[in-house]
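J.: Would you be able to build a 3D model of this:
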Amino acid sequence: MTAGFRIYPNPKQKVSKDLVERYRSLPVANVSDSMSRMNAAGSRLRPMHGGGILAGSAITVKSRPGDNLMLHKALDMAEPGDIVVVDAGGDLSNALIGEMMIAHAERRGLGGVVINGAVRDAAAIRAGRFPIFAAGVTHRGPYKDGPGEINVAIAIDGMVIEPGDLVLGDEDGLVCVPLADAEAVFAAAKKKHDSETAQLEAIAAGRNDRSWVDEELRKRGVEYIG
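T.: Next up is the predicted model:
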């Protein structure tokens, strides 16, 4: 094996389809808060598609900036519902995926693609519902020489993603939930979401308790002037 030019099998253990579906009902913000706001992929990765949730088990790709050879292979390896997550160093010089590759991924039933890099055919992506997150757009196409690796640990803006982890994205951004923590994080995020839903209902009814603001200011010793 050549370091940096390797392909590992798809993970034997990955987040279940049932749990993926349950996560679809939760905002990314609540999931992020339930992990102490430590597992976010930064603010650059934005949804490029026409709308809808990205959720699924990760197939990871580490690629040379501007090269999509390993991404092509990962699209063929991924199973229905999987999310192919590519760390291409965040470079925006060359697009790694466009309309034709996305059509192939969608035809195979994949759950979406995340590119820490650029895409092209932006209008076609926006017109579709297949989930695509990326850091930017450029018309310049990719190279297909490698190197790269598939199904290794990758990191995007400090967020580590292992093959089989849960990847979740909405209009607020992208988050990764480690496989070992997925059930516990779901329970905590669901509890927070239910609490916030109840609070929104209280606001609408004029029953929202705001006394905590003055209490927090008092504890911090704020001085009122005038």
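
J.: Could you count how many residues lie near the closest residue to residue 109 other than its chain neighbours?
T.: In this structure, residue 109 finds its nearest non-sequential neighbour in residue 80, 3.5 Å apart by Cβ to Cβ, 6 or more residues apart in numbering. The way it works is simple: take the backbone N, C-alpha and C, and place the C-beta from them, glycine included. Around residue 80 there are 10 other residues, counting by other Cβ atoms under 10 Å.

J.: which residues sit against stretch 89-100?
T.: 44, 63-68, 71, 86, 88, 113, 115-121, 124-125, 132, 134-143, 156-157 (Cβ atoms under 8 Å, 6 or more residues apart in numbering).

J.: what's the span of it from first residue to last?
T.: For stretch 89-100, the first-to-last residue distance is 23 Å (Cα to Cα, to the nearest Å).

J.: Just the pLDDT at the residue nearest to residue 109, thanks.
T.: pLDDT for residue 80: 98.

J.: which strands and helices sit next to the helix of greatest length in the chain?
T.: If you go by DSSP state H, the chain has its longest helix at helix 182-204. When contacts are defined as 3 or more Cβ pairs under 8 Å, 6 or more residues apart in numbering; DSSP states H and E, helix 182-204 packs onto helix 17-23, helix 28-33.

J.: so how far is it off the chain centroid?
T.: Offset of helix 182-204 from its chain centre (Cα atoms, centre = their mean, to the nearest Å): 20 Å.
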